[in-house]
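Enquirer: next input, structure requested:
(4 chains)
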Protein chains: 2
Amino acid sequence: MNDVICTVDVVLLTIKDNGLSVALLKRDREPYKDVLALPGGFVHVREDADARGAAMRVLKEKTGIVAPYLEQLATFSGPLRDPRGWSLSIAYYALVSFEVIGRAGHPDVQMLSVDQRLELPFDHRGIVDAAVARLRSKSQYSSLPCYLAGDTFTLPQLQRIYEALMGEPLNKVSFRRKMAEMAMLEAVEGRMEAGGAHRPAQLYRLKPALREHLAVLERGL
Amino acid sequence: MNDVICTVDVVLLTIKDNGLSVALLKRDREPYKDVLALPGGFVHVREDADARGAAMRVLKEKTGIVAPYLEQLATFSGPLRDPRGWSLSIAYYALVSFEVIGRAGHPDVQMLSVDQRLELPFDHRGIVDAAVARLRSKSQYSSLPCYLAGDTFTLPQLQRIYEALMGEPLNKVSFRRKMAEMAMLEAVEGRMEAGGAHRPAQLYRLKPALREHLAVLERGL
DNA sequence: TTAATAGTGTCTGTTAGACAGTATGGG
DNA sequence: CCCATACTGTCTAACAGACACTATTAA
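Expert: Here you go, the predicted structure:
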């Protein structure tokens, strides 16, 4: 009655070159061997405390990354999405800064722009699209994009991330008012961003209390 | 490797007595026989086109209702939620007007206020809470609550539904401005609400084009 | 005519964005 | 000094909510 193939897939997103990129790996077995696909795998009833645990395990095994933000996206199912039979995938999306991917140093992981619209096996194209839509939607009224920044970042850097997600330039004064309204950042004393021939920007980090749950705005950006 | 119990559960919500109520049924088999629980059942690989199809089938079988709005909520999983073993439930939520439940006429279906916080078997209490939170959240900026009204309704009726969901009175002028902004309603000619010793209200219905997808607001209510 | 609710015009306080100014680094 | 970018003060336009007024029915 219940011969359902149960898997998890993870859409690992980051900001690279001012645009969203997704982590893909060449599959190491059939079906679609050697084709670029999302990191995914079977749910292991013996090891996994739940589907989220399976997603964390799969992400760690395939990319070496323990993502600070991992949220369930949706479940995709049906008889046709996997040639092996009626299958079901609980999809998660994870957000990390580009540095974290570099530090993990898995050479198999390829970061491809989501705008490139590469064809993907299974229904992975639809899963990626859903993750990007969810991220863009939540970015309009929450602190979610902070997880795409590094541990510390400046307000101009953070604004560039928001702008990349929203696809339009934002008003600087309004943006800063909103960030203050969410009350999620704390200044990192002493250290400023070096770099250009101009005034350096204040560094911030997410308040430790907000490492787990998002800050949200009454009205969007 | 994949001995996962795959089920769907449906949170059928309606507005009754100016408050949210959820449809519950006495379970007809073990575990938790005769205990009130969400309508749910196994995914049938032979019949169901996907998990959504399973949810529609289960809802129809157990309550006689074909809901105009049925959306995936989340997937709940783990070894402890079902005494039979490591299980997974893809939860959906559906919205209908109270009349539709009456017309379906299934005497086993009980509508209980979500505020009553009745204890439920499995993790059904958490599933109901998640559905209510999702509905309340989406109500702040979309036409979603219209599915809780009947086929035709007046603006005062619709405002009362929004107010029941938001838990606070809304400004009449602003509410009407927002409904106009969403451009989702069309007046039903000729017919007005009868009833009281006062001016009758204009009847509206959802525009046919919006029967499938929601209208959303740039800024919330 | 009165009571009761439907629907609308308008005023005002709040909020968001434009603009322009000051601040502070490197060259 | 100049230039570039960070940051901030302030004006204005858009928006949301309060209030009051008109409209329309039954009794």
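Enquirer: local confidence estimate at A:R205?
Expert: For A:R205, the pLDDT comes out at 96.
Enquirer: correct me if wrong, but it is in a helix.
Expert: No: according to DSSP: H, G, I helix; E, B strand; the rest coil, A:R205 belongs to no helix; its state is strand.
Enquirer: so which bits of chain A are right by chain B?
Expert: Proximity of chain A to chain B, by CB under 8 Å from any CB of the partner chain, involves residues A:1-6, A:42-45, A:49-51, A:72, A:74-75, A:77-79, A:85-86, A:88, A:90, A:218-220. Quick note: C-beta positions are derived from backbone N, CA and C, even for glycine.
Enquirer: which ones among those map onto strands?
Expert: Counted as lying in strands by DSSP state E, out of the residues of chain A next to chain B, are A:5-6, A:42, A:72, A:74-75, A:77-78, A:88, A:90.
Enquirer: look up how far A:Y32 lies from A:D108.
Expert: Counting by CB to CB, to the nearest Å, the gap from A:D108 to A:Y32 is 15 Å.
Enquirer: and the two? which has more neighbours close in?
Expert: A:Y32 (16 against 13; other CB atoms under 10 Å in any protein chain shown).
Enquirer: surely that one and A:L120 touch.
Expert: No: using CB atoms under 8 Å, A:Y32 is not in contact with A:L120; the gap is 9.1 Å.
Enquirer: hmm, back to that, can you flag the buried ones in the residues of chain A next to chain B?
Expert: Buried residues within the residues of chain A next to chain B, counting neighbours by 16 or more other CB atoms under 10 Å in any protein chain shown: A:2, A:4-6, A:43-45, A:50-51, A:72, A:74-75, A:77-78, A:86, A:88, A:90, A:220.
Enquirer: related to what we said a few turns ago, quick one: the ones in strands among the residues of chain A next to chain B as JSON lines, columns for pLDDT too.
Expert: Shown next, in JSON lines, are those (pLDDT from 0 to 100):
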{"residue": "A:I5", "pLDDT": "97"}
{"residue": "A:C6", "pLDDT": "98"}
{"residue": "A:F42", "pLDDT": "98"}
{"residue": "A:Q72", "pLDDT": "98"}
{"residue": "A:A74", "pLDDT": "98"}
{"residue": "A:T75", "pLDDT": "99"}
{"residue": "A:S77", "pLDDT": "98"}
{"residue": "A:G78", "pLDDT": "98"}
{"residue": "A:L88", "pLDDT": "98"}
{"residue": "A:I90", "pLDDT": "98"}
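Enquirer: can you redo these as TSV with distance to A:L203?
Expert: Shown next, in TSV, are those (distance: CB to CB, whole Å):
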residue	distance to A:L203
A:I5	47
A:C6	44
A:F42	42
A:Q72	32
A:A74	36
A:T75	40
A:S77	45
A:G78	47
A:L88	44
A:I90	37
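Enquirer: could you list the domains of chain A?
Expert: A:5-138, A:140-210 (automatic domain parsing).
Enquirer: list the neighbouring strands of the lowest-mean-pLDDT helix or strand in chain A plus their orientation.
Expert: Least confident helix or strand of chain A, by mean pLDDT, DSSP states H and E, is strand A:185-192 with a mean of 88. Sheet pairing here is set by DSSP bridges, and for strand A:185-192 it gives strand A:202-206 (antiparallel).
Enquirer: near DNA strand D, anything from the strand it pairs with?
Expert: Yes: judged by CB under 7 Å from any atom of the strand, strand A:202-206 comes into contact with DNA strand D at A:Q202.
Enquirer: contacting residues around that strand?
Expert: A:143, A:146, A:151-155, A:158, A:184-188, A:191-193 (CB atoms under 8 Å, 6 or more residues apart in numbering or on different chains).
Enquirer: out of those residues, who has the most neighbours?
Expert: Busiest of the contacts of strand A:202-206 [other CB under 10 Å] is A:C146, holding 28 neighbours.
Enquirer: was I right to think that one contacts A:L158?
Expert: Yes: using CB under 8 Å, A:C146 is in contact with A:L158, at 6.9 Å.
Enquirer: is A:R205 in a bridge, and if so with what?
Expert: The residues that A:R205 bridges to, once DSSP bridges is applied, are A:T152, A:E186.
Enquirer: and it, how many neighbours?
Expert: Look at A:R205: counted by other CB under 10 Å, it has 18 neighbours.
Enquirer: cool, and A:A104?
Expert: When counting by other CB under 10 Å, one arrives at 15 neighbours for A:A104.
Enquirer: name the nearest residue to it, sequence neighbours excluded.
Expert: Excluding its sequence neighbours, the residue lying closest to A:A104 (CB to CB, 6 or more residues apart in numbering or on different chains) is A:G64, at 3.9 Å.
Enquirer: next up, the contacts around A:R191.
Expert: Contacts for A:R191 (CB under 8 Å, 6+ apart) come out as A:152, A:203.
Enquirer: distance of it from B:K16?
Expert: Distance, A:R191 to B:K16, by CB to CB: 58 Å.
Enquirer: and the helices in chain A, which stretches?
Expert: Along chain A, counting by DSSP state H, helices occupy A:51-63, A:98-104, A:124-139, A:155-166, A:172-182.
Enquirer: tell me which of these lies nearest to DNA strand C.
Expert: Nearest to DNA strand C among these is helix A:172-182; the distance by CB to the nearest atom of the strand comes to 3.1 Å.
Enquirer: so how far is stretch A:137-152 off the chain centroid?
Expert: Here stretch A:137-152 is found 10 Å from its chain centre; the criterion is CA atoms, centre = their mean, to the nearest Å.
Enquirer: residue ranges with poor pLDDT in chain A?
Expert: A:1-2 (pLDDT under 70).
Enquirer: residues of it that sit close to DNA strand C?
Expert: Checking chain A against DNA strand C by CB under 7 Å from any atom of the strand, the hits are A:171-174, A:177-178, A:192, A:196-200, A:219, A:221.
Enquirer: turn these into TSV, columns for distance to A:V100.
Expert: What follows is the residues of chain A next to DNA strand C, written out as TSV (distance: CB to CB, whole Å):
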residue	distance to A:V100
A:N171	30
A:K172	27
A:V173	31
A:S174	29
A:R177	29
A:K178	26
A:M192	23
A:G196	25
A:A197	30
A:H198	28
A:R199	29
A:P200	24
A:R219	32
A:L221	25
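Enquirer: of these, closest to A:K138?
Expert: A:L221 (11.5 Å; CB to CB).
Enquirer: around DNA strand D, pick out the residues from chain A.
Expert: Counting by CB under 7 Å from any atom of the strand, chain A sits next to DNA strand D at A:154-156, A:172-173, A:176, A:196-202.
Enquirer: and of those, the nearest to chain B?
Expert: Nearest to chain B among these: A:V173, at 18.1 Å, using CB to the nearest CB.
Enquirer: what about that closest one, neighbour count?
Expert: A:V173: 8 neighbours (other CB under 10 Å).
Enquirer: endpoint to endpoint, stretch A:61-78 covers what distance?
Expert: 26 Å (CA to CA, to the nearest Å).
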